[in-house]
Structure formats: structure tokens, C-alpha cells
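> Fold the following.
(one chain, ligands or ions: 1)
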Amino acid sequence: MTEMEDNLPVNVREYQELAKKALPKMAYDYINGGAEDEHTLRENIAAYTRIILRPRVLVDVSKIDMSTTLLGYTMRSPIIVAPTGGHKLAHPEGEKATARAAASCNAIMVLSFSSSCKIEDVASSCNAIRFYQLYVYKNRNVSATLVRRAESCGFKALLLTVDTPMLGRREADIRNKMVFPRSGNLEGLMTTDDHDTTNGSQLERFARATLDPSLSWKDIEWLKSITSMPIFLKGIVTAEDVEAGVAGVIVSNHGARQLDYAPATIAALEEVVRAVAGAVPVLVDGGIRRGTDVFKALALGARAVMVGRPVFFGLAARGEAGARHVIEMLNGELEVAMALCGCRSVGEITRSHVMTEGDRI
Ligand code: FNR
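Modelled structure (predicted):
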């Protein structure tokens, strides 16, 4: 055993500390940061700490089955890798390393539209079920081309991110004059390539030039017309925004990088689950740092969860092995939480296993 292996982090927080040491400030701030006052960033995590578990004892938990299904695919556990852009900021192998890590854990990875590796390179890096995340650009041809490329590479579902008509104000990126690595995915598709680093966040200016702020409900029909992949909406936090006609809903505030003072996602989950009323699966992301957080999300009605920063930190700290270790640690923590709550399968995790602040009033 090498000295490094002997001192492996034992939780996500320790991976975050390692990542902070390993990364240049601009990259770490980009990954870690949120919008404006970062109130929602803190709340995404704090809201989980206010939910209490209600364990059941004297259940035979000698066999724990964490598997679950989504769109007919069986996953080893309900943990999915969230789409996060720019993995080459953390490691030269970028999303290819993350994809191999996810595949080795039998976890679904969602590839970001802003990936720093080409879609085709990630697809050929390993065999796995993968989903694709989409931003809609003013130049629809760019988005349509990338959707078609993902579909022909075997991606199984499309996550349309709906909380980003423009980029939230991420002040650390503005201060650092953030420069974002390009993937080559956009090569030959567009002329906007703003590498002027003299004034604020380059990412912010690029987003303003490209993202289509006119995106609305009618565009879902357009998207359906160009792909046969099932579509999830990523970025719903209110019952008012639950509409029929998609394959799934993801309760997300973009890791608190968009609208500050949006609700913590775990606090918004039940409202959305009630509005969806079992019609389609509901996923949640934001602030998940422990297996107990995954357990709480399932108890409040999520079919599965997505984790963003923890995997990115793992990648930054130890490359593919670190990303894999983060997913495995969360799986291990979930297994213990299930056993200690007397749940042998994810189907046995119910609302009665948690107590929220609302329950206590
Ligand atoms: C993101 N997120 C994101 N979402 C998306 O739809 N497309 C993207 O390209 C990105 N990029 C991205 C980069 C980084 C560095 C972060 C931290 C996040 C949001 C992401 O999918 C997810 O919603 C959050 O990361 C979940 O919160 P946690 O797990 O990071 O707390």
C-alpha cells in the first residue's frame, strides 16, 4: 500500500479539502462556487442537516439491495453523476476519466453540454448507460447537432436544463476572470469564441452570447421533434412548473449557481413530488454529501439523486480513482443508512423514515 492509499479520504468533505489543495484557485472557485451571496449554496447542504432519520430496529438486514430502475435501466444504486462542465479543469483526462469511474460503479453518468471532452471520445472511453444534458443555444442548429451526435453515440436520455436562460452571477468567477476549457464539440458549429479575459468571467460572456433566453414550453415540442431520446426537465423547484409530457423531472437549482435565494432542493422536493403525482420519476440534486442525504431524498419521494461537486472533487484529487472512490463511499454510506433504518431495499424507504421541520410544528 502506498502512503497515498494509506491516507485515502474517508468522506466527501475530505475529498473537497484535497481538491482545494490540488487545484489552481480559478478552477476550485469555479467548481465550488455559487451565485451571489451563496445563500442557496449553504442552504442546499444545511437543509439536509435539519431532516432527522427515524430508524427501525430488529429487522433482518443481512442483505441490502440498493438497486433501482430508471427508464427501465437497472442501476446498482440510486446515485447518478450530475452533468458538470469542464472536467479538464480537474484532470487532463476530463470526462473520459469520470465516465470510466461511473461505469465501474455501474452508475449512470450525465454528460454536460459544456464537457471538455468530445461527446464521441467520452462515448468510446467505456461501455455504460449515459444520459446527455442540453443547453439550448440561440443558434438552434448547434444544440440540434449535439443532440443528434449524442443520440448516435448511444446516449439514452436527454436532460434539458431549464434554469439557465442566462448565467447566474457567480462572483468568484467574475473576480477570477474565469476562463473555461473548450471541448471541440462546438468546432465548425459557431463563431462565438470569446477568449477576452480582460473583463470579468469569460464563461459569463460566452453564456450571454450563446444561451437562448427565449426558451419556453413550446420548445419542448421542437426538442421532441428532433430526438427520440426521452426528455427530463432539469431545474424545476415549484409545483407550478410541473407540466405533463416529459419523461421525468429533476428538482435542481443548478447546485445553487443560478438564482440565489431559490429554495434548497431537498426543501422543494416534496412539493414537486406531490404535483407530479407518480406520473413520471422525480430526481433531485444539490447538496448531497452523505449516504444519509441520499436516503432522505428517497424518503421524500425521489427515485434517484444526482451528485455534482463531490465527483468533481474526487476527480481533481485522485483522477478516475478518486471519482470512483467518491461514488463508492456514497454507496457504502447509503448501505449503512439503509441497514440502520431497517430498510432492505430502496422500495422499503418511506416517508415515515424521516422527520422534517414541517413535521415537528
Ligand atoms: C454544474 N451544473 C451543471 N448543470 C447543467 O445542467 N449543465 C452544466 O454544464 C453544469 N455544469 C456545472 C459545473 C459545476 C462545476 C457544478 C458544480 C455544477 C449543475 C449540476 O448538474 C448539479 O445540478 C449540481 O452540481 C448539483 O449540486 P451539487 O451536487 O454540486 O451540490
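
> so where do the helices sit in the stretch 151-300 of the chain?
Using DSSP state H, counting those that start in this stretch, the helices of the stretch 151-300 of the chain run over 171-176, 202-210, 218-226, 265-276, 291-299.

> can you name the farthest residue from the center of this protein?
In the chain, counting by CA atoms, centre = their mean, L58 sits farthest out from the average C-alpha position, at 35.2 Å.

> If you count neighbours, what's buried in the strand or helix carrying A19?
Following DSSP states H and E, one finds A19 within helix 12-22. In terms of neighbour count (16 or more other CB atoms under 10 Å), helix 12-22 has its buried residues at 12, 15-16, 18-20, 22. Where C-beta positions appear, they are placed from N, C-alpha and C, glycine not excepted.

> Tell me which of the helices of the stretch 151-300 of the chain lies nearest to R182.
Distance to R182, taken as CB to CB, is lowest for helix 202-210 among the helices of the stretch 151-300 of the chain, at 9.3 Å.

> any residues touching that closest one, and which ones?
Contacts with helix 202-210, where a contact means CB atoms under 8 Å, 6 or more residues apart in numbering, come from 30, 135, 137-139, 142, 164, 166-167, 169-170, 173-174, 177-180, 190, 192, 194-196, 199.

> Enumerate every residue touching A268.
Neighbour list for A268: 237-238, 251, 253 [criterion: CB under 8 Å, 6+ apart].

> Mind doing that once more with 7 Å?
The contact partners of A268, by CB atoms under 7 Å, 6 or more residues apart in numbering, come to 237, 251.

> V12 too?
With CB under 7 Å, 6+ apart, V12 has these contacts: 289, 310, 313, 326.

> same check, this time on A35
So A35 contacts 168-170, 256-260 (CB under 7 Å, 6+ apart).

> can you check S352 too?
Contact analysis of S352 by CB under 7 Å, 6+ apart lists R54.

> which residues does D173 contact?
29-30, 33, 201, 203-204.

> try 6 Å this time
By CB atoms under 6 Å, 6 or more residues apart in numbering, D173 lies in contact with 30, 201, 203.

> In a markdown table: the residues you listed, plus distance to K63 and neighbour count.
Shown next, in a markdown table, are the contacts of D173 (distance: CB to CB, whole Å; neighbours: other CB atoms under 10 Å):
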| residue | distance to K63 | neighbour count |
| --- | --- | --- |
| Y30 | 42 | 26 |
| S201 | 50 | 23 |
| L203 | 47 | 21 |
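
> which one among the residues you listed gets closest to the ligand?
Taking CB to the nearest ligand atom as the measure, the ligand lies nearest Y30 of the contacts of D173, at 5.9 Å.

> Give the other helices and strands that the strand or helix carrying the closest one contacts.
Applying DSSP H and E as the criterion places Y30 in helix 25-32. Judged by 3 or more CB pairs under 6 Å, 6 or more residues apart in numbering; DSSP states H and E, helix 25-32 is in contact with helix 171-176.

> what does the stretch 101-250 of the chain put close to the ligand?
112-114, 133, 161, 234 (CB under 6 Å from any ligand atom).

> Among the residues you listed, which lie within strands?
The strands, defined by DSSP state E, take in 133, 161, 234 from these.

> Give the bridge partners for the second one, please.
For T161, the residues forming beta bridges with it (DSSP bridges) are K234.

> so it sits right up against I236, yeah?
No. Look at T161 against I236 with CB atoms under 6 Å: they stay out of range, at 10.7 Å.

> Neighbour count: those two, which is higher?
Between T161 and I236, counted using other CB atoms under 10 Å, I236 has the larger neighbour count: 26 against 22.

> which residues does the residue nearest to that one when sequence neighbours are not counted contact?
Leaving aside its chain neighbours, I236 sits nearest to V249 (5.2 Å; criterion: CB to CB, 6 or more residues apart in numbering). By CB under 6 Å, 6+ apart, the contact set of V249 is 233, 236, 276, 282.

> tell me the phi and psi of the closest residue to the ligand within the chain?
Using CB to the nearest ligand atom, the point where the chain gets nearest to the ligand is G308, with a distance of 2.1 Å. Main-chain torsions, G308, degrees, to the nearest 10: phi -100, psi -80.

> For it, grab the count of nearby residues.
The number of residues packed near G308 is 22, by other CB under 10 Å.

> ok, it touching G255?
Yes. Taking contacts as CB under 6 Å, G308 lies within contact range of G255: 5.1 Å.

> What residues sit buried inside the biggest helix by length in the chain?
Secondary structure of the chain read by DSSP state H shows that its longest helix is helix 309-340. Going by neighbour count (16+ other CB under 10 Å), the buried part of helix 309-340 is 309-331, 333-335, 337-340.

> got it, and stretch 256-266?
Neighbour-count burial for stretch 256-266, with 16+ other CB under 10 Å as criterion, is recorded at 256-260, 262-266.

> Export these to TSV and append columns for pLDDT and distance to I349.
TSV is the format used below for those (pLDDT from 0 to 100; distance: CB to CB, whole Å):
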residue	pLDDT	distance to I349
A256	98	26
R257	98	29
Q258	98	29
L259	98	30
D260	98	31
A262	98	26
P263	98	23
A264	98	20
T265	98	18
I266	98	14
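
> The ligand next: which of these are close?
The residues of the buried residues of stretch 256-266 that also fall near the ligand, by CB under 6 Å from any ligand atom, are R257.

> Quick one: residues contacting the residue most central in space within the chain.
By CA atoms, centre = their mean, the chain has its centre lying nearest to A82, at 2.2 Å. The contact partners of A82, by CB under 6 Å, 6+ apart, come to 285, 306-308.

> Swap in 8 Å and give it another go.
Contacts of A82 were listed using CB under 8 Å, 6+ apart, and they are 110, 255, 285, 306-308, 311.
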